[in-house]
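Participant: Quick one: sequence and predicted model below, then my questions.
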Amino acid sequence: MSRVLVPLADGFEEIEAIAVIDVLRRGGVEVVTASLLEQSAKGANNVVVTADTLLEDVKESDFDMIVLPGGNEGHKNLAKSAKLLDMLRAHEKAGKTLAAICAAPYVLKTAGVLKGEYTCYPSMEHAIGMGGGLSYTADKKVVANSENIITSQGPATAIDFALFILEKLEGKVKAASIRQAVLTYSPPRISPLKRT
């Protein structure tokens, strides 16, 4: 069974964190949430989530992937965690996959592990930058580059992001079954409006 770490910091974007946790657990992935300071973290919209553990009590080597939710304050708080930055570096050095959504690619950049093509919340590319081999892509919901980095744009892309991660970890068949179960279609099926 794959194991994924989802660090939570105050100010995290709730949709991004919960969509990833929910979709991966539905797909049989063991997801461990780890709060930075206290057992609970308050999201950007005041939703309080009780984490499974504290970040200081986990080891990077126990996980197949680390997934970072965004959030305007959440990504800043994640980027201040020396422990998390060290974990991201060790994970990348081991050739394991890192994923970040919304503003969280900034945390990967801070750790020095963001390389190649990426996407993020529109306007965050200015804070992240495009030098040093980075290439920002605005027209894709999810970007997976050759450096084992997966990025996504924001709350509305969270389920696509989570399903992409699930497919990488557990395969296409499992991801397709969860996609169908949560009524996510690719491409989206939109019925035309009927005029009355």
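Facilitator: Everything's here; your move.

Participant: Only C-alpha atoms from now on, for both contacts and neighbour counts.
Facilitator: OK.

Participant: which stretches of the protein form helices?
Facilitator: Secondary structure of the chain (DSSP state H): helices at 14-26, 74-79, 82-93, 105-111, 124-128, 158-170, 172-181.

Participant: what's the second one packed up against?
Facilitator: Put plainly, it is helix 74-79. Counting contacts by 3 or more C-alpha pairs under 8 Å, 6 or more residues apart in numbering; DSSP states H and E, helix 74-79 is packed against strand 3-8, helix 105-111.

Participant: Identify the residues contacting the longest one?
Facilitator: Okay, so that is helix 105-111. Applying C-alpha atoms under 8 Å, 6 or more residues apart in numbering, the set of residues contacting helix 105-111 from outside is 75-76, 78-79, 85-86, 88-89, 100, 114, 118-120, 124, 127-128, 151.

Participant: coming back round to it: okay, the helices and strands packed on helix 74-79, which one's buried deepest?
Facilitator: Among the helices and strands packed on helix 74-79, ranked by average contacts under mean count of other C-alpha atoms under 10 Å, first place goes to strand 3-8 (a mean of 24).

Participant: Pull the CA coordinates from that strand and hand them back as CSV.
Facilitator: In CSV, the C-alpha atoms belonging to strand 3-8 read as follows (Å, rounded to 0.1, in the frame of the first residue of the first chain):
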residue,chain,number,x,y,z
ARG,A,3,1.8,6.0,1.9
VAL,A,4,1.4,9.7,1.4
LEU,A,5,2.2,12.6,3.8
VAL,A,6,0.1,15.7,3.7
PRO,A,7,1.6,18.4,6.0
LEU,A,8,-1.0,20.9,7.3
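
Participant: returning to what we had before: save the helices and strands packed on helix 74-79 as CSV, and put in mean pLDDT and distance to R26 too.
Facilitator: Formatted as CSV, the helices and strands packed on helix 74-79 follow (pLDDT from 0 to 100; distance: least, C-alpha to C-alpha, whole Å):
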stretch, mean pLDDT, distance to R26
strand 3-8, 98, 13
helix 105-111, 98, 25
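
Participant: Is it possible to get those out as CSV so that each row also shows distance to F164?
Facilitator: Listed next are the helices and strands packed on helix 74-79 as CSV, based on distance: least, C-alpha to C-alpha, whole Å:
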stretch, distance to F164
strand 3-8, 14
helix 105-111, 17
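
Participant: Out of those, the one nearest A144 is which?
Facilitator: helix 105-111 (12.3 Å; C-alpha to C-alpha).

Participant: Show the pLDDT at T196.
Facilitator: If you check T196, the pLDDT there is 49.

Participant: Count the residues that sit near A176.
Facilitator: A176 is flanked by 17 other residues according to other C-alpha atoms under 10 Å.

Participant: among the helices of the chain, which is nearest V67?
Facilitator: Nearest to V67 among these is helix 14-26 (8.2 Å), distances taken as C-alpha to C-alpha.

Participant: The helices and strands packed on helix 74-79: which one's closest to V31?
Facilitator: V31 sits nearest to strand 3-8 of all these, at 4.8 Å, using C-alpha to C-alpha.
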